[in-house]
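Student: Coordinates for the following, if possible.
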Amino acid sequence: MGKRQVRLAWRNEAGGLTFEVGNRPRSLFIKWAPCSSGIDLRAELVRLEWASGFAALPKVAGYGEDADGAWLATEAIPGESAVSRANLERPEMAVRAMGEGLRRLHDALPLGGCPFDWSLEGRVLEAEKLHASGALDLSKGHPEHRGLAARDVIERLRDSPKVDRLVVCHGDACAPNTLLDAKGKFLAHVDMGSLGVADRWADLAVATWSTSWNFGDGFESALLEAYGVEANPERSAYYRLLWDCGV
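Tutor: Residues are numbered from 1 along each chain as shown. This next block holds a predicted model:
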């Protein structure tokens, strides 16, 4: 066998790396997470193994861990991220594909059989633990949250909106985690480490927020229209604040 090509595909702020190994369409994507990163690839492994039978997700090709960290290999999907150069040049199409894809995911994953939780109760509890330990810090979060005192954040989070509709959420439904085909249509989702049952606005708030990070202002309504729901500023604001807490 000849040498396989290795390309660094992604580097995150926590120290995790993702490599593409081999040539498409038979390449693999291999995530590496050092122990110091706090990234739980085993959590993603078990979620992919459960959810891939219902929705368009990467197939697991291998997993391993040692004293230094863990790795997760998945089969490549023949598409490009919604934030690829080509898709950034057609933002309206990319954003609508995000909305359509998120709706497909929420409709496809069986709520009753999901063993994973991402509810706001558990996430608020984690935020309260961070506050109690002095580790709740939004100074590097979104500008609208940076000036908030930690105690004020917790008070806001305790006043949660009523659940709109429980679904199995992606857990990180931002634009880079949506794959599109060559025509700009939804293809699949990736990065499923936080998948779990929650109000659908936990995903929708972050998905719409990410359109402004990646495509600029003015695209949130297109995503919501493609998903099939009207804007809900109260729920969006709440779940964006919760997201900025890092829980």
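
Student: Low-confidence stretches in this protein?
Tutor: Under the criterion pLDDT under 70, the flagged ranges of the chain are 1-3.

Student: how is it carved up into domains?
Tutor: Following automatic domain parsing, one gets these domains for the chain: 6-75, 80-244.

Student: can I get these in a markdown table with mean neighbour count?
Tutor: C-betas here are computed from N, CA, C, even on glycine. Formatted as a markdown table, the domains of the chain follow (neighbours: other C-beta atoms under 10 Å):
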| stretch | mean neighbour count |
| --- | --- |
| domain 6-75 | 16 |
| domain 80-244 | 18 |
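
Student: Quick check, Gly184 in contact with Asn87.
Tutor: Yes. Assessed by C-beta atoms under 8 Å, Gly184 is found in contact with Asn87 at 6.6 Å.

Student: Give me the common contacts of these two.
Tutor: 93-94 (C-beta atoms under 8 Å, 6 or more residues apart in numbering).

Student: could you pull out the strands for this structure?
Tutor: Ranges of strands in the chain, per DSSP state E, are 6-11, 17-21, 28-34, 60-65, 69-75, 80-81, 166-169, 178-180, 186-189, 196-199.

Student: any chance of those in CSV, with distance to Leu111 too?
Tutor: Output for the strands of the chain, formatted as CSV (distance: least, C-beta to C-beta, whole Å):
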stretch, distance to Leu111
strand 6-11, 30
strand 17-21, 30
strand 28-34, 27
strand 60-65, 23
strand 69-75, 24
strand 80-81, 28
strand 166-169, 6
strand 178-180, 21
strand 186-189, 17
strand 196-199, 6
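
Student: Now the residue most central in space within the chain. Its backbone dihedrals?
Tutor: Central residue of the chain (C-alpha atoms, centre = their mean): Asp172, 1.5 Å from the mean position. With angles defined as degrees, to the nearest 10, Asp172 sits at phi -160, psi 60.

Student: Was I right to think it contacts His189?
Tutor: No. Under the criterion of C-beta under 8 Å, Asp172 makes no contact with His189, lying 9.2 Å away.

Student: And the contacts of stretch 36-46?
Tutor: Contacts for stretch 36-46 (C-beta under 8 Å, 6+ apart): 12, 14-16, 31, 33, 60, 63, 65, 69-72, 191-194.

Student: Sorry, slip of the keys, the one I care about is stretch 55-66.
Tutor: With C-beta under 8 Å, 6+ apart as the criterion, stretch 55-66 contacts 28-29, 41-42, 45, 48-49, 51-52, 70-77, 101, 104-105, 108-109, 186-190, 192.

Student: Please state the offset of the longest helix along the chain from the chain centre?
Tutor: Taking DSSP state H as the criterion, the chain has its longest helix at helix 91-108. In terms of C-alpha atoms, centre = their mean, to the nearest Å, the centre of helix 91-108 is found 13 Å from the chain centre.

Student: for it, packing partners?
Tutor: Packing partners of helix 91-108 (3 or more C-beta pairs under 8 Å, 6 or more residues apart in numbering; DSSP states H and E): helix 85-88, strand 166-169, strand 178-180, strand 186-189, helix 200-215, helix 220-227.
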